[in-house]
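[1] Sequence first, predicted model second:
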Amino acid sequence: MNPSFKKIKPLYQFTHVRKSKSFSAFCLTNDNKFAFTAYPYEFQIEMWSLEKKKLFLSFPKAHKCTISVFAVSDDNKFLVSAGYEDKIAKIWDIENRKFDSIFHESDMSINDMKITIDSQYLVMCSYDIVKVFDFKKRSLLYEIKNYVEASILNSDNKFIFQSADYIYIWDLVSKDYVHKFKVKPARRIAVTKDNKFIILCDKQRITLCDFFGVRNLNMINPYPDDLFSHDMKYIVNVHVEKTGSEDDDESSSIRFFDASILLNKALLDHVTNSLDEQELLGTYAVCGEGDCLSVITSSNCNKVIYAGSKRGAICEEHENLFIFTKEKHRNPITSIALTHSKDFLVTGSTSIKIWKKEKLVESISKAHKDGVFDNDYYVTALAITHDDKYLISGSGYTKPCKNSIKIWDLYTF
């Protein structure tokens, strides 16, 4: 058992009698209320209620072979199952708890199936061909000649699949490839809820990349023998535990863990270790002779912004792009921010100054003045909205100063 599971309580745990330590097929309904399971060399489908934590329904002798894959319609009314050897995809009426119909008889083994969020399309993957069906009309629309190892559908009806060393993104509506990029093989693919990133999971690693293949994260997979649900919300495993001295004295259960808790812990460990292993990328000279570094941050345009005791600068690749030295602050700079248009730099001290290139365009003295004691307090935080319309400044130390946040309209400067 993975050591990370020992201190974390499962969200759900279902006890069952079989000794199998793995699933042949598994899926969750889209509302995460029910789970469907199938096991190697068993021909039945089991439906588990996550709320009641028990077996809710079963379809005995659902196929004449091991069931290899499940897919659930978006309205959770229908389950589609496929047997690897019998090459038949069947539809089950979940609402009425009965067999509905044979959806498709393939001439090759079916190893993956997906249904779009609007339940308009069903995508079926065999050895070297992908079939796209109109799920509502139960009719074949077209085929894609490609081998699929792992796949997922996103909310924009993009079919994302891995073939050999490449990720392909296919638009089901326009019937064309959108993009492809090279990756290492993955067992499972998922898409983040905001549709910005693709998650690739294999035995060794978890990789996060955008839709153009730019890698944002590459960490060791701490759960190589366990199954991620397609929405990456759960990590699911079959746990077999000895209850006595005899070989048959065992209890078996299905366990659901919150993937975010486990992955966040693994990610934190990964980031900590990665920082220790990182090489120095570059060294920058502080703005001026005798100047000390008081604040540093990064910008939305991947440039380093820093400030010395009374001066600010933007740097890139060992060079200062521009330095603010004239009409500097009377006191050390304590906060700094760059507009998203990259035109203006804002520096904060006991006053706020706005710069364009090396020219001072606006100065707000006593930006966070204390009205009772007539003291000027440092602007300790600066932020700019994405539309560059508003500047937010914050100040606050110990008494008698009153902590405050102020919003400024940049368009009026």
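    Looks like it came in fine. Numbers count the residues shown, from 1 in each chain.
[2] C-alpha from now on. contacts and neighbour counts both.
    Will do.
[3] Could I get the contacting residues of residue 186?
    149, 150, 162, 200, 201, 202, 203 (CA atoms under 8 Å, 6 or more residues apart in numbering).
[4] wait, isn't the fifth one in contact with residue 184?
    Which is residue 201. No - using CA atoms under 8 Å, residue 201 makes no contact with residue 184, being 9.9 Å away.
[5] So those two - more neighbours on which side?
    residue 201 (25 against 14; other CA atoms under 10 Å).
[6] can you pull the buried residues of stretch 349-368?
    For stretch 349-368, the neighbour count (16 or more other CA atoms under 10 Å) marks 349-355, 357-358, 360, 363, 366-368 as buried.
[7] Torsion angles phi and psi at residue 388?
    Per-residue torsions, residue 388: phi 60, psi 20 (degrees, to the nearest 10).
[8] From residue 194, how far out is it?
    Noted for residue 388: a distance of 23 Å to residue 194, by CA to CA, to the nearest Å.
[9] Show me which of these two is the more surrounded one.
    Set side by side, residue 388 and residue 194 show more neighbours around residue 388, with 17 against 8, by other CA under 10 Å.
[10] Hmm, residue 343 and that one touching each other?
    No - here residue 388 lies out of contact with residue 343, judged by CA under 8 Å, at a distance of 10.2 Å.
[11] Please report phi then psi for residue 411.
    phi -70, psi -20.
[12] go on, residue 349?
    Per-residue torsions, residue 349: phi -140, psi -130 (degrees, to the nearest 10).
[13] distance of it from residue 212?
    41 Å.
[14] same deal with residue 356?
    Distance from residue 356 to residue 212, by CA to CA: 34 Å.
[15] and what of residue 136?
    Taking CA to CA as the measure, residue 136 falls 32 Å from residue 212.
[16] Of these two, which one has the most company?
    residue 212 (15 against 10).
[17] Not counting residues beside it along the chain, what's closest to that one?
    Closest residue to residue 212 apart from its sequence neighbours, by CA to CA, 6 or more residues apart in numbering: residue 181 at 6.8 Å.
[18] so where does that neighbour fall, helix or strand?
    strand 176-182 (DSSP states H and E).
[19] and residue 192, how far is that from residue 127?
    Per CA to CA, residue 192 is found 27 Å from residue 127.
[20] How about residue 53?
    Per CA to CA, residue 53 is found 36 Å from residue 127.
[21] For stretch 59-69, list every residue counted as buried.
    Neighbour-count burial for stretch 59-69 flags 62, 63, 65, 66, 67, 68, 69 (criterion: 16+ other CA under 10 Å).
[22] tell me which of those is nearest to residue 94?
    Closest approach to residue 94 among the buried residues of stretch 59-69 (CA to CA): residue 62, at 13.5 Å.
[23] can you tell me the helix or strand for that closest one?
    Of the helices and strands defined by DSSP H and E, none includes residue 62.
[24] Can you report phi and psi for the closest residue to it other than its chain neighbours?
    If the residues on either side of it in the chain are set aside, residue 62 comes closest to residue 44, at 5.1 Å by CA to CA, 6+ apart. The phi/psi pair for residue 44 (degrees, to the nearest 10) reads phi -100, psi 160.
[25] show me what contacts residue 44?
    38, 58, 59, 60, 61, 62, 63, 67.
[26] Try it again at 10 Å.
    Residues in contact with residue 44, defined by CA atoms under 10 Å, 6 or more residues apart in numbering, are 37, 38, 58, 59, 60, 61, 62, 63, 64, 65, 66, 67.
[27] you'd agree the last one is up against residue 84?
    Yes - Residue 67 lies in contact with residue 84 (CA atoms under 10 Å); the separation is 6.2 Å.
[28] For these two, list the residues in contact with both.
    24, 110, 111.
[29] tell me which of these is nearest to residue 142?
    Using CA to CA, the shared contacts of residue 67 and residue 84 come closest to residue 142 at residue 110, 16.4 Å.
[30] What is the burial count for that closest one?
    26.
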